[in-house]
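Asker: One predicted model, sequence on top.
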Amino acid sequence: MESCTEREPEWDDGQRAWFLALGEFEKHSLCPVCGGLKAECQSIDAEGSFHVPPPTRCHRRTAIDLASKEYEGVKNRDALMFAAIPRGQRP
């Protein structure tokens with residue numbers, strides 16, 4: 001006796017249409033540099049209307065950068081993967 005497994009497609013036609021429409025919107029409406037709306041960031045009227053607040057720090061990335069310095073000079077260092085786990089949690 002043979003068995004046959006039928007799988008449903010991951011997305012139906014409607015979902016595919018929405019994803020295609022989203023792609024078109026992003027391609028035509030979003031700035032490839034900042035990701036904002038082209039109408040806001042590329043308008044002549046927008047010149048001088050933005051300010052940049054001070055940066056915030058990702059403390060997870062800081063911890064990884066500090067820990068990775070210990071491995072400078074290790075062969076194939078770029079292949080090492082580091083994880084930052086909140087204190088008190090086990091890996």
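Answerer: Noted; the coordinates are in hand. Since this is a predicted model, take the numbers as computed values, not measurements.

Asker: Would you map the helices across the protein?
Answerer: 13-29, 38-41, 59-68 (DSSP state H).

Asker: list the helices and strands the longest one packs on?
Answerer: Which is helix 13-29. Using 3 or more C-beta pairs under 8 Å, 6 or more residues apart in numbering; DSSP states H and E, no helix or strand is in contact with helix 13-29. C-beta: built from backbone N, CA, C; applies to glycine.

Asker: residues in contact with it?
Answerer: With contacts defined as C-beta atoms under 8 Å, 6 or more residues apart in numbering, helix 13-29 is touched by 11, 37-39.

Asker: between these, which is nearest Met1?
Answerer: Nearest to Met1 among these is Trp11, at 32.6 Å by C-beta to C-beta.

Asker: what's the burial count for that closest one?
Answerer: 11 (other C-beta atoms under 10 Å).

Asker: Equivalent analysis for the one 3 residues further on, please.
Answerer: Burial measure for Gly14: 8 neighbouring residues, criterion other C-beta under 10 Å.

Asker: can you check Gly35 too?
Answerer: 9.
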